[in-house]
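> no FASTA, just this:
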């Protein structure tokens, strides 16, 4: 199992919308994540920053995340959630959620 974390800003005027979307996350989106071997997935909010954590149990993360990106339901979901987010200034070109480096873990 591999752990991944990432950060992005939440646009303040979109917070209520973003919360409502995630309070009723679409079953098709959740199914696509599970098909891609993603579990124990959480998104946290603090001071306008969204922090995501997930665990990946597959063998080819790039291929599995490409399957999510090709999924029509996930793309429709992103059309609603992406406008709520603002990439960090330090994000790479084209990167939305900026990967966070794991510096400590306790099992």
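Thanks, I have it. A quick note: this is a predicted structure, and the numbers were derived from the prediction, not measured. Residues are numbered from 1 along each chain as shown.

> Quickly list what the residue nearest the centre of the chain is bridged to.
Centroid-nearest residue in the chain: residue 52, 5.9 Å away (criterion: CA atoms, centre = their mean). Beta bridges link residue 52 to residue 6, residue 43, judged by DSSP bridges.

> Could you double-check that it lies in contact with residue 22?
No - at 11.1 Å, residue 52 does not count as touching residue 22 under the criterion of CB atoms under 8 Å. Where you see a C-beta, it was placed from the backbone N, CA and C, and this is true even at glycine.

> between the two, what contacts are shared?
residue 43 (CB atoms under 8 Å, 6 or more residues apart in numbering).

> and residue 67, how many neighbours does it have?
Look at residue 67: counted by other CB atoms under 10 Å, it has 15 neighbours.

> that older thread, how about the residue nearest to the centre of the chain, what does it touch?
Counted by CB under 8 Å, 6+ apart, residue 52 has contacts 4, 5, 6, 7, 8, 41, 42, 43, 44, 97.

> 10 Å instead?
4, 5, 6, 7, 8, 41, 42, 43, 44, 97, 100 (CB atoms under 10 Å, 6 or more residues apart in numbering).

> top of those by neighbour count?
Neighbour max across those (other CB under 10 Å) = residue 8, 20 neighbours.

> these two touch, right, it and residue 49?
Yes - Residue 8 is within contact range of residue 49, at 7.5 Å (criterion: CB atoms under 10 Å).

> Please enumerate the shared neighbours of the two.
Contacts common to residue 8 and residue 49, judged by CB under 10 Å, 6+ apart, are residue 88.
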